[in-house]
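Enquirer: predicted structure and sequence below. I'll ask about it afterward.
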Amino acid sequence: MTFSFDTGLPRKSGNAGTLLDRQPPTIIINPKRVKRSLEIMSVQGGKQVKLEFSHQVFDPTPYVAASSHRPTLCTEFGALWSGDCLELLPQIKSDTVDTVFADPPFNLGKEYGAKSNDRRDDYLDWCKRWISECVRLLKPGGSFFTYNLPKWNIPIGNYLEECGLTFRHWIAVEISACLPIPGRLHPSHYSLLYYSKGKPKTFRRIRTPIAVCRHCGKEVKDYGGHRGAMNPNGVNLKDVWTDIPPVRHKKFKSDSRKANALSTKLLDRVVEMSTHPCDMVFDPFGGSGTTFAVCERKGRHWMGIELDFADVIVERFEFDDIKNHKNDDYIEG
Ligand SMILES: C[S@@+](CC[C@H](N)C(=O)[O-])C[C@H]1O[C@@H](n2cnc3c(N)ncnc32)[C@H](O)[C@@H]1O
């Protein structure tokens with residue numbers, strides 16, 4: 001395995017090119033050098049608090065086998081490996097991760113990068129291989145989230161049960177830009193499966209704002225006359241998410257990677273719901289690095305793998321110029 005960045009992608013001008021070409025292969029994004037657009041904030045007991053950290057670089061050594069490959073990138077909170085997750089996952093130690101989040105290719109024949117294969121006859125067998133490894137990494141009580149088409153998440157959920165995980169939720173994430181399919185209902189959601197390894201050790205309640213009309217500002221529901229008794233911080237988060245924006249506008253996405261990326265708002269929820277500051281989140285399909293950027297901003301440790309776009313993730317951290325979607329969630333202690 002090498003750590004070359006020969007993806008053929010256009011590179012941004014600036015320091016990143018120099019950094020990527022430099023030896024040794026691990027790129028250290030020194031936290032003191034990076035202009036952070038946001039303070040690292042967390043919610044404790046319903047109050048926003050600023051977290052204090054020692055500004056060191058994350059050391060992945062305790063999490064990986066002694067013979068493992070060097071990460072491509074280390075930041076204050078996490079480490080990224082460039083390569084195939086099926087080859088790299090066995091190098092990570094068991095029972096080390098609090099939350100797994102996986103957004104794999106959906107087997108729709110999409111063009112990701114040169115090495116990625118999004119048209120597999122053995123798609124479910126391939127999924128079972130990385131899922132087994134991810135389950136092995138999870139600590140007892142850890143959470144497992146995976147995002148996919150409903151068609152795939154039905155057998156994947158079945159396999160997670162076979163692996164001994166416990167079902168928590170099928171979260172329907174509404175999507176607006178899906179084309180109609182002749183002879184079928186109009187597809188309008190993706191599935192976010194949420195399982196845990198035994199009883200979940202962390203589940204933080206999230207509240208979403210009471211819905212108002214975006215034209216007149218008035219509340220859209222009367223809550224059957226019980227409005228006065230409602231929690232002023234909002235309503236319990238439902239398992240149907242209709243408020244996750246698509247990543248369309250260029251300020252929310254990398255200009256070096258055209259393939260799909262998830263909204264920071266979806267990852268905000270996954271991370272806040274299932275972890276505390278300094279917990280460890282793992283994502284085997286890094287893409288443009290949304291999971292890692294959210295973890296870094298929220299003071300969670302993270303480890304991840306990406307086959308084709310590790311350099312795009314390095315750029316995301318170095319330039320720190322991809323905006324987060326607005327999120328008015330309220331997190332209880
Ligand atoms: C759906 S995208 C993930 C997008 C990501 N959640 C984001 O918000 O940017 C899937 C990613 O998995 C990567 N990938 C595909 N096969 C892989 C493999 N075997 N190991 C690691 N990454 C892989 C692709 O290059 C692609 O970037």
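Expert: On my side now, so go ahead.
Enquirer: report pLDDT for the residue of the chain positioned farthest from its centre.
Expert: The centre of the chain is farthest from one residue, G225, which by Cα atoms, centre = their mean lies 38.6 Å away. Predicted confidence (pLDDT) for G225: 81.
Enquirer: can you report phi and psi for it?
Expert: For G225, the backbone dihedrals (degrees, to the nearest 10) come out as phi 80, psi 0.
Enquirer: ok, V64 next?
Expert: phi -130, psi 160.
Enquirer: does it really touch P90, like I thought?
Expert: No - using Cβ atoms under 8 Å, V64 is not in contact with P90, being 10.1 Å away. Every C-beta, even on glycine, is put in place using the N, C-alpha and C of the backbone.
Enquirer: which stretches of the stretch 51-200 of the chain aren't confidently modelled?
Expert: 51-55 (pLDDT under 70).
Enquirer: now the helices for it?
Expert: Secondary structure of the stretch 51-200 of the chain (DSSP state H, counting those that start in this stretch): helices at 85-88, 123-137, 150-162.
Enquirer: quick one, which of the ones you listed is nearest to the ligand?
Expert: Set against the ligand and scored by Cβ to the nearest ligand atom, those come closest in helix 85-88, at 3.6 Å.
Enquirer: just confirm yes or no for the closest one near the ligand.
Expert: Yes - part of helix 85-88 sits near the ligand under the criterion Cβ under 6 Å from any ligand atom, namely 85-86.
Enquirer: can you check stretch 313-327 too?
Expert: No - judged by Cβ under 6 Å from any ligand atom, stretch 313-327 stays clear of the ligand, getting no closer than 8.5 Å.
Enquirer: endpoints of that stretch, how far apart?
Expert: The straight-line separation of the ends of stretch 313-327 (Cα to Cα, to the nearest Å) is 22 Å.
Enquirer: check which helix or strand the residue positioned nearest the centre of the chain maps to.
Expert: Ranked by distance to the mean C-alpha position of the chain (Cα atoms, centre = their mean), the top residue is T291 at 3.0 Å. Assigned by DSSP states H and E, T291 falls within helix 290-298.
Enquirer: now that helix: average pLDDT?
Expert: Averaging pLDDT along helix 290-298 yields 97.
Enquirer: now do that helix: everything it contacts.
Expert: Contact with helix 290-298 is made by 38, 40-42, 75-78, 80, 101, 103, 261-264, 267-268, 271-272, 277, 281, 283, 286, 301-302, 304, 313, 316-317, 322, 324, as judged by Cβ atoms under 8 Å, 6 or more residues apart in numbering.
Enquirer: now, those that are in strands?
Expert: Taking DSSP state E, the ones among the contacts of helix 290-298 that sit in strands are 41-42, 78, 80, 101, 281, 283, 301-302, 304.
Enquirer: now those residues: which count as buried?
Expert: Buried members of these, scored by 16 or more other Cβ atoms under 10 Å, are 42, 78, 80, 101, 281, 283, 301-302, 304.
Enquirer: identify the farthest-apart pair in the residues you listed.
Expert: Spatial extent of those (Cβ to Cβ) is set by the pair S42 and L80 at 22.6 Å.
Enquirer: enumerate every residue touching A177.
Expert: Counting by Cβ under 8 Å, 6+ apart, A177 touches P246.
Enquirer: excluding its backbone neighbours, what's nearest the residue in the chain that the ligand sits nearest to?
Expert: With Cβ to the nearest ligand atom, the shortest gap between the chain and the ligand falls at G287, namely 2.3 Å. Closest residue to G287 apart from its sequence neighbours, by Cβ to Cβ, 6 or more residues apart in numbering: A261 at 5.7 Å.
Enquirer: the one you found reaches G286, doesn't it?
Expert: No - applying Cβ under 8 Å as the test, A261 and G286 come out as separate, 10.3 Å apart.
Enquirer: higher neighbour count, these two?
Expert: G286 (27 against 21; other Cβ atoms under 10 Å).
Enquirer: where's the more buried one relative to I29, distance?
Expert: Per Cβ to Cβ, to the nearest Å, G286 is found 15 Å from I29.
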